[in-house]
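In: build me a model from this:
(one chain, ligands or ions: 1)
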Amino acid sequence: MVLQTRLMSVPRVITVHTRSGARVHHKPNALLACRILRSGQCRSLSNINVKDKLSARYLFREAAIIDGKDFPSTMHFQVYDPATEAQIGVCPDLTPRQVDEAITAAHTAFQSFRRTTSFERAKLLREWRNLVMESQEDLATMITLENGKPIAEAKGEVAYAASFMDWFAGEAPRAYGDVIATSVAGNRAMTIKQPVGVCGIITPWNFPAAMITRKVAAAIAAGCTVVIKPDAETPFTAIALAKLAKIAGIPDGVVNVVTTKSFLKEVGEKFCTDERIKKLSFTGSTNVGKLLMAQSSSTLKKLSFELGGNAPFIVFPDVPVVDAVTAAVTSKFRGSGQTCVCANRIFVHESIYDEFCELLAERVSGFKIGNGLEDGINQGPLIHARAVDKVEGHVEDAIKHGGKVLAGGKRATEFGPHFYHPTVIKDAKPRMKIMKEETFGPVAAVFKFSTEAEVVALANDADVGLASYLMTNDINRAFRVAEQLEFGMVGVNTGIVSDCATPFGGVKFSGFGREGSKYGIEEYLNIKSITFGGIGAPY
Ligand code: SIN
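Out: Below you'll find the predicted structure:
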């Protein structure tokens, strides 16, 4: 019955993604759906009634948003709750040709939006921010449903997302230039900053709201328009944000959301090669970042990339072990270890090593795993089966190379196929996979070190350089080590470096460009210099 009701509300043709990745287009009717189910071609079509879980039902929309309107499509992909594998809904599987319409809408909107004052844009951003915070519960519910993170964490993400709107509302009127005395007597020059134009925004699944607002709020503050492509695992939060943007009064065409799964590669290429897109901001893997950069060479657009990390977390012996463990837990297990800034390699001084490992294992063993919508859960599922396979591979590899499992170390299938027990591994060694690759899961691998020089070399032995952390009460050591770490961000005596006010970004293969902070808006602006000849000079 549930199945039939659901099918009556879906479009005429539905695209089913099989486990093997193949695409099958179906006319959905109950009979066919049952056949698909019996043949095991796809996951359960049982669904969650998302609207019934929201106080503002209109926030859940199974549509792309182009030029302020729901954009219909005949092809769709399904979105699943990683905790239960139940279907949350279907989303338009847009082709590059359909995405072209979004770029046209953004390009048209830019012609007038660029002329709005920064004060008007700040007002719009504040209005949008207020609506987002009024919808905090609903947005958090959607985040938990599509991403799996516990509801308390999802609410925190909504507040984090809103903080960028607040921040860039403040930055908008301050994006002004300079008056410059030139080398020519009597000449004067000035600079003004102008919006770059239409921006392509490609965002990941691990922060379905905050990775969008960190980019889009900066773009809007600058006077740009955007086409957002959210990850196919988590499109509904992005669509809800665009709906709230419209209610806030942000003009149609300024915020567009395109959803796609089958045409991921082609749509990515479209973003890179379309000359109307003047800037591309991407958060995702290093490999995809390299591809997007290569594809963008023909259009020479402005780029900012936030790519993978492999964060070291260094504990010197002069801090209380209990504080070091608390910070390590905060850094490592946020989003079940699925953030680019999560500690991936924990280096602990030999004199406190055993004590640290024991206390960490004790804390981690006390975590409450389960469906993030339930009370008190602090560890949800991983995003999909591939993520669990990767975590399992890293743990098996660590054990093979002499690592000792102090907590977890296995799948948590009792909760569902995407759960993995939060894990602590003692005696981690540089030859392990976990040293070289970001695990992106709930595995704390603890390495032992003896000297400061040794641990700095170990920490820097990575081709990526996003976040890093160190715990010490020695101020000289804090400066010395922070300055030597080859990372874009260093947290000293804290497990969290993310804040709207501080620049977020990396070096090496973690990408380039900065988000948030006073620098974030610059990524969406061009500097123009205007030189005034000194008629009548010198005076
Ligand atoms: C990320 O994982 O890409 C972002 C993490 C953050 O903003 O804290």
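In: how close does G289 get to P204?
Out: From G289 across to P204, the span is 11 Å (C-beta to C-beta, to the nearest Å). For every residue, glycine as well, the C-beta is placed using N, CA and C.
In: name the residues contacting each of the two.
Out: Common neighbours of G289 and P204, counting by C-beta atoms under 8 Å, 6 or more residues apart in numbering, are absent.
In: give me the three-state assignment for the residue in the stretch 51-200 of the chain positioned nearest to the ligand.
Out: Residue nearest to the ligand within the stretch 51-200 of the chain: Y160 (7.2 Å; C-beta to the nearest ligand atom). Under DSSP: H, G, I helix; E, B strand; the rest coil, the three-state class of Y160 is helix.
In: got the contact list for it?
Out: So Y160 contacts 207, 209-210, 498, 500 (C-beta under 8 Å, 6+ apart).
In: if we check the ligand, which of the residues you listed are in contact?
Out: Among those, the ones lying close to the ligand by the criterion of C-beta under 6 Å from any ligand atom are 207, 498.
In: out of the contacts of Y160, which are inside helices?
Out: A210 (DSSP state H).
In: most neighbours out of the contacts of Y160, which is it?
Out: Of all the contacts of Y160, A209 has the most neighbours under the rule other C-beta atoms under 10 Å, reaching 28 neighbours.
In: OK, contacts around the nearest residue in space to that residue that is not next to it in sequence?
Out: Closest residue in space to A209, ignoring its immediate chain neighbours: A161 at 3.9 Å, by C-beta to C-beta, 6 or more residues apart in numbering. By C-beta under 8 Å, 6+ apart, A161 lies in contact with 132, 139, 207, 209-210, 212-214, 241.
In: mind pulling up the pLDDT for the closest residue to V90 other than its chain neighbours?
Out: Excluding its sequence neighbours, the residue lying closest to V90 (C-beta to C-beta, 6+ apart) is H76, at 4.1 Å. pLDDT recorded at H76 is 96.
In: partner residues bridging H76?
Out: Residues in a beta bridge with H76, per DSSP bridges, are P92.
In: can I get the contacts of Y160 in a markdown table including pLDDT and distance to D166?
Out: Putting the contacts of Y160 into a markdown table (pLDDT from 0 to 100; distance: C-beta to C-beta, whole Å) gives the following:
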| residue | pLDDT | distance to D166 |
| --- | --- | --- |
| F207 | 98 | 17 |
| A209 | 98 | 14 |
| A210 | 98 | 13 |
| S498 | 98 | 15 |
| C500 | 98 | 7 |
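In: just to revisit the earlier point, what's the distance between the residue nearest to A209 and V267?
Out: Per C-beta to C-beta, A161 is found 23 Å from V267.
In: could you do V184 as well?
Out: Applying C-beta to C-beta, the value for V184 to V267 is 49 Å.
In: neighbour count for these two, which is higher?
Out: V267 (24 against 12).
In: can you lay out the contacts of Y160 as a markdown table showing distance to V388?
Out: Supplementary listing: those in a markdown table, determined by distance: C-beta to C-beta, whole Å:
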| residue | distance to V388 |
| --- | --- |
| F207 | 20 |
| A209 | 24 |
| A210 | 24 |
| S498 | 25 |
| C500 | 32 |
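In: can you list the domains in the chain?
Out: Domains of the chain are assigned by automatic domain parsing as 87-307+513-528, 311-503.
In: TSV please, covering those domains and showing distance to S55.
Out: Converted to TSV, those look like this (distance: least, C-beta to C-beta, whole Å):
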stretch	distance to S55
domain 87-307+513-528	6
domain 311-503	15
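In: G223 touches P195, doesn't it?
Out: Yes - using C-beta atoms under 8 Å, G223 is in contact with P195, at 3.5 Å.
In: spit out the residues that contact the two alike.
Out: Common neighbours of G223 and P195 (C-beta under 8 Å, 6+ apart) are R114.
In: just say helix, strand or coil for D354.
Out: The assignment at D354 comes out as helix when based on three-state DSSP.
In: and it, how many neighbours does it have?
Out: 13.
In: repeat for D318
Out: 13.
In: what do you get for G289?
Out: When neighbours are counted by other C-beta under 10 Å, G289 registers 22.
In: which parts of the stretch 101-250 of the chain are strands?
Out: 179-181, 188-195, 198-202, 225-229 (DSSP state E, counting those that start in this stretch).
In: Throw the ones you listed into a markdown table and include mean neighbour count, mean pLDDT and distance to I314, thanks.
Out: A markdown table is the format used below for the strands of the stretch 101-250 of the chain (neighbours: other C-beta atoms under 10 Å; pLDDT from 0 to 100; distance: least, C-beta to C-beta, whole Å):
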| stretch | mean neighbour count | mean pLDDT | distance to I314 |
| --- | --- | --- | --- |
| strand 179-181 | 10 | 93 | 43 |
| strand 188-195 | 16 | 97 | 39 |
| strand 198-202 | 28 | 98 | 32 |
| strand 225-229 | 28 | 99 | 37 |
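In: distance to G156 for those strands - can I get that in a markdown table?
Out: Listed next are those as a markdown table, based on distance: least, C-beta to C-beta, whole Å:
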| stretch | distance to G156 |
| --- | --- |
| strand 179-181 | 43 |
| strand 188-195 | 31 |
| strand 198-202 | 22 |
| strand 225-229 | 22 |
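In: need those strands in TSV with distance to the ligand, can you?
Out: TSV is the format used below for these (distance: least, C-beta to the nearest ligand atom, whole Å):
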stretch	distance to the ligand
strand 179-181	36
strand 188-195	24
strand 198-202	12
strand 225-229	16
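In: just checking, A181 touches R188?
Out: Yes - the criterion here is C-beta under 8 Å, and A181 meets it with R188 at 6.8 Å.
In: re earlier: can you tell me how far the residue of the stretch 51-200 of the chain closest to the ligand sits from K332?
Out: Y160 is 18 Å from K332, where distance means C-beta to C-beta.
In: no further questions, thank you.
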